[in-house]
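> how does the following fold in three dimensions:
(2 chains)
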There are 2 protein chains.
Amino acid sequence: MDIAMIDAARARLGERVRRTPLLTSPFLDEIAGRPVFVKPECLQHTGSFKFRGAWSAVSALAPEVRARGVLAYSSGNHAQGVALAAQLSGIPAVIVMPADAPRLKIDNTRAYGAEVVLYDRFGEDREVIGAALAAERGLTLIRPYDEPLVIAGQGTVGLEIAEDCAALGISRAEVLVPCGGGGLTAGIALALAREAPWLRVRPCEPEGFDDTARSLAAGERRANAPDARSICDAIVTPRPGEITFPILQAHCGPGFALSDAEVLRAMRHALLRLKLAPEPGGTVALAAALFRPAAEPGLPVIAVVSGGNADPDMLLRALQAE
Amino acid sequence: MDIAMIDAARARLGERVRRTPLLTSPFLDEIAGRPVFVKPECLQHTGSFKFRGAWSAVSALAPEVRARGVLAYSSGNHAQGVALAAQLSGIPAVIVMPADAPRLKIDNTRAYGAEVVLYDRFGEDREVIGAALAAERGLTLIRPYDEPLVIAGQGTVGLEIAEDCAALGISRAEVLVPCGGGGLTAGIALALAREAPWLRVRPCEPEGFDDTARSLAAGERRANAPDARSICDAIVTPRPGEITFPILQAHCGPGFALSDAEVLRAMRHALLRLKLAPEPGGTVALAAALFRPAAEPGLPVIAVVSGGNADPDMLLRALQAE
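Predicted coordinates:
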């Protein structure tokens, strides 16, 4: 896994990926007490950055392997990314999703032409279900984060951030990234380590799922309590990835953990100030940018808003948040 | 008023304007029965396209005139555009706003450093109030639409649409534009008349405020009933502009009128499918793209979402719309 894979992923993505802008609002700068730049990957195809990694992985398969189809397990955003990548490639996709995933994500995954297999997130193991289906049907498993080709695709977000910061003359900043298994965070960190090492990546997680922050502090992978709950369905992974964690250790600063209430308040600000409708898991980094102190006073911050596939009820809760 | 003024406005805007992308969603294509492309000017600085025209006008003033300050009357989006343009220029701004404008718009205008003067939209004449203030303080009035420099700034949206359609290989399409006084519609129509005459502009208005559609059909300017009401506060102007109407006559196809219910449904689709939080007046063209037939079956449509300065209650209503 190296930066050359990110360059190659960018070449394969080409015009298929939507180049998201950097957004700003003076009202957010005022709350944060420093310049805030938002990378809205909720505007990406399928409503999250996950399409980047999915296309990167699917497009890199040998044609005869790809033709048999792909399989993924996902709470919903990787599911949609893989489903669309498969649809665009004209191949079958089977997606293993938790039965309690947001309705919108399940419906969308089916709408992109995938076969959806639901499972119980608290009683069954999605990796076991996925492996069995892959073996049975000759499908290739596209892992959500512990897969170099997927990390490489997510890393293209980092290349874009580096270019935009150069254009804006941002010479030092923190880059806050929503972190589940760590694919997006690792990809961005790898890209910036070459392109803009003066931008420091810091992972952001929900309270109760701050395995990455605790693992970074401990110097080894730590798991979350099995009974933890969060509204941030997109990033409630059990522990840091095997491949992603060493990358985070090499390149990232300390992590942040955000409460559900903070995430809802940040969603409200995104709706009213940025005119964006993000999902909870996609908004943890914006919440950290707004509600956590900078490493140094006034240091600019770039917050990745990684996804926007929220059910309407969650947007209602955010609008009513104090 | 000619296209050269739009080119000049674009040069003056330079990097100050945010280049908004064209967004898509297969779910919207399915509803509309044709490819839908959305130009999200709600992501523009100040949350609407109005910053373009405001900067165009303010930046074109002679320095000694500009230094005395500017004045505008506006329900809120032109207000914020002029306020920010003045703030960036280091000059005073006085904005005359209806007392029943959305709270967010009044607060934002003040936050951009402008002095806000409120008036009764149903009992007082904002043009009279504005003219008196301008004379008294030596301020230059920046008209919201019947001003060539403002139309020229809004026309830069048309230049971007023409470029994006060329890049996407869209050779024929309808371009639907929210229309109040007609500044944005006229600017886009002028730009496309030179750059992409195969793209036909059609104005979109709220029911009860379809003065432009009726005026185009009648061949002369018609006014709206004084007792009409709409949730689309951004575009509830009394009649087409003197300068804008002849431009619309020369270049636009027939207009559309949308109900409040249709606008709320389109806002819900924007929130859930595009991850955008638009305001009612900014969403009439998207509503027309989704709920009105194409001039020819399957003809692609580009809908400008012109603003996103909605109060939270309006977003709540949209999320609960059927």
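
> A:Ala250 and B:Ala270, how far apart?
Going from A:Ala250 to B:Ala270 by C-beta to C-beta, to the nearest Å gives 41 Å. For every residue, glycine as well, the C-beta is placed using N, CA and C.

> pLDDT value on A:Arg126, please?
What the model reports for A:Arg126 is a pLDDT of 85.

> who has more neighbours, A:Ala250 and B:Ala270?
Using other C-beta atoms under 10 Å in any protein chain shown, the more surrounded residue of A:Ala250 and B:Ala270 is B:Ala270, with 30 against 11.

> for the more buried one, give me its contacts.
The neighbourhood of B:Ala270, defined by C-beta atoms under 8 Å, 6 or more residues apart in numbering or on different chains, consists of A:277, B:38, B:276-278, B:283, B:286, B:305.

> take the residues you listed and write them to CSV, including pLDDT and distance to A:Asp120.
Below are the contacts of B:Ala270 laid out as CSV (pLDDT from 0 to 100; distance: C-beta to C-beta, whole Å):
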residue, pLDDT, distance to A:Asp120
A:Ala277, 98, 29
B:Val38, 98, 38
B:Leu276, 98, 34
B:Ala277, 98, 34
B:Pro278, 98, 38
B:Thr283, 98, 40
B:Leu286, 98, 39
B:Val305, 98, 40
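
> just the ones of these in strands?
B:38, B:305 (DSSP state E).

> which single one of the contacts of B:Ala270 is nearest to A:Ser48?
Closest approach between the contacts of B:Ala270 and A:Ser48, by C-beta to C-beta: A:Ala277, at 12.5 Å.

> hmm, B:Lys275 and that closest one touching each other?
Yes: the criterion here is C-beta atoms under 8 Å, and A:Ala277 meets it with B:Lys275 at 4.7 Å.

> hey, what's in contact with both of these two?
A:42, A:308.

> ok, A:Gln44 - contacts?
A:17-18, A:20, A:51-52.

> which of those fall within helices?
When DSSP state H is applied, the contacts of A:Gln44 are split such that A:51-52 fall in helices.

> for the contacts of A:Gln44, which two are the farthest from each other?
Going by C-beta to C-beta, the pair spanning the contacts of A:Gln44 furthest: A:Thr20 and A:Phe51, at 11.4 Å.

> neighbour-wise, which of these two wins?
A:Phe51 (27 against 21).

> what about the more buried one, distance to A:Ala85?
Per C-beta to C-beta, A:Phe51 is found 7 Å from A:Ala85.

> same thing with A:Ala189?
Using C-beta to C-beta, A:Ala189 is found at 23 Å from A:Ala85.

> what of A:Val150?
Applying C-beta to C-beta to A:Val150 and A:Ala85 gives a distance of 11 Å.

> and those two? Which one has more around it.
Between A:Val150 and A:Ala85, A:Val150 has the larger neighbour count (other C-beta under 10 Å), namely 34 against 30.

> which SSE is the more buried one in?
Following DSSP states H and E, one finds A:Val150 within helix A:148-168.

> and chain B, is the very next helix or strand once past that helix touching that?
Following helix A:148-168 in sequence order, the next helix or strand is strand A:173-178 (DSSP H and E). No: using C-beta under 8 Å from any C-beta of the partner chain, strand A:173-178 stays clear of chain B, coming no nearer than 14.7 Å.

> list the helices and strands strand A:173-178 packs on?
When contacts are defined as 3 or more C-beta pairs under 8 Å, 6 or more residues apart in numbering or on different chains; DSSP states H and E, strand A:173-178 packs onto helix A:183-195, strand A:199-206, helix A:284-291, strand A:301-305.

> any idea which of these gets closest to chain B?
Nearest to chain B among the helices and strands packed on strand A:173-178 is strand A:301-305; the distance by C-beta to the nearest C-beta comes to 9.0 Å.

> what inclination does the closest one have with respect to helix A:183-195?
Angle, strand A:301-305 to helix A:183-195, by axes from the mean of the first three to the mean of the last three C-alpha atoms, to 10 degrees: 140 degrees.

> and the average pLDDT for the helix or strand following strand A:301-305 is what?
Of the helices and strands lying after strand A:301-305 in sequence (DSSP H and E), the nearest is helix A:312-319. Per-residue pLDDT over helix A:312-319 has a mean of 97.

> what angle sits between helix A:312-319 and helix B:312-319?
Relative orientation of helix A:312-319 versus helix B:312-319 (the same axes, to 10 degrees): 180 degrees.

> what does helix A:312-319 contact?
Defining contact as C-beta under 8 Å, 6+ apart, one finds that helix A:312-319 is touched by A:102, A:231, A:264-265, A:267-268, A:271, A:277, A:279-280, A:310, B:268, B:271-272, B:312, B:315-316, B:319-320.

> doesn't A:Val94 belong to a strand?
Yes: secondary structure of A:Val94 (DSSP: H, G, I helix; E, B strand; the rest coil): part of a strand.

> chain B contacts on chain A?
Counting by C-beta under 8 Å from any C-beta, the residues of chain A lying close to chain B are A:18-21, A:23-24, A:26-27, A:40, A:42-43, A:45, A:47, A:104, A:108, A:111-112, A:268, A:270-272, A:274-278, A:308, A:312, A:315-316, A:319-320.

> residues near A:Val96, how many?
A:Val96 has 24 nearby residues by other C-beta under 10 Å.

> OK, contacts around the residue nearest to it when sequence neighbours are not counted?
Leaving aside its chain neighbours, A:Val96 sits nearest to A:Tyr73 (4.0 Å; criterion: C-beta to C-beta, 6 or more residues apart in numbering or on different chains). A:Tyr73 makes contact with A:95-97, A:126-127, A:129-130, A:144, according to C-beta under 8 Å, 6+ apart.

> which among those residues gets closest to chain B?
Closest approach to chain B among the contacts of A:Tyr73 (C-beta to the nearest C-beta): A:Ile95, at 16.6 Å.

> quick revisit: reformat the helices and strands packed on strand A:173-178 as JSON lines; add mean neighbour count and distance to B:Asn77.
Listed next are the helices and strands packed on strand A:173-178 as JSON lines, based on neighbours: other C-beta atoms under 10 Å in any protein chain shown; distance: least, C-beta to C-beta, whole Å:
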{"stretch": "helix A:183-195", "mean neighbour count": "28", "distance to B:Asn77": "35"}
{"stretch": "strand A:199-206", "mean neighbour count": "27", "distance to B:Asn77": "33"}
{"stretch": "helix A:284-291", "mean neighbour count": "29", "distance to B:Asn77": "24"}
{"stretch": "strand A:301-305", "mean neighbour count": "28", "distance to B:Asn77": "24"}
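
> in chain A, which helix or strand is least confident?
Ranked by mean pLDDT, DSSP states H and E, the weakest helix or strand in chain A is helix A:126-137, scoring a mean of 88.

> circling back: tell me how far the helix holding A:Val150 lies from the chain's centre.
In terms of C-alpha atoms, centre = their mean, to the nearest Å, the centre of helix A:148-168 is found 13 Å from the chain centre.

> which other helices and strands contact it?
Helix A:148-168 packs on helix A:3-13, strand A:36-40, helix A:50-60, helix A:183-195, strand A:199-206, strand A:301-305, going by 3+ C-beta pairs under 8 Å, 6+ apart.

> output these as TSV; include the columns distance to B:Ile243.
Below are these laid out as TSV (distance: least, C-beta to C-beta, whole Å):
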stretch	distance to B:Ile243
helix A:3-13	45
strand A:36-40	36
helix A:50-60	44
helix A:183-195	48
strand A:199-206	47
strand A:301-305	40
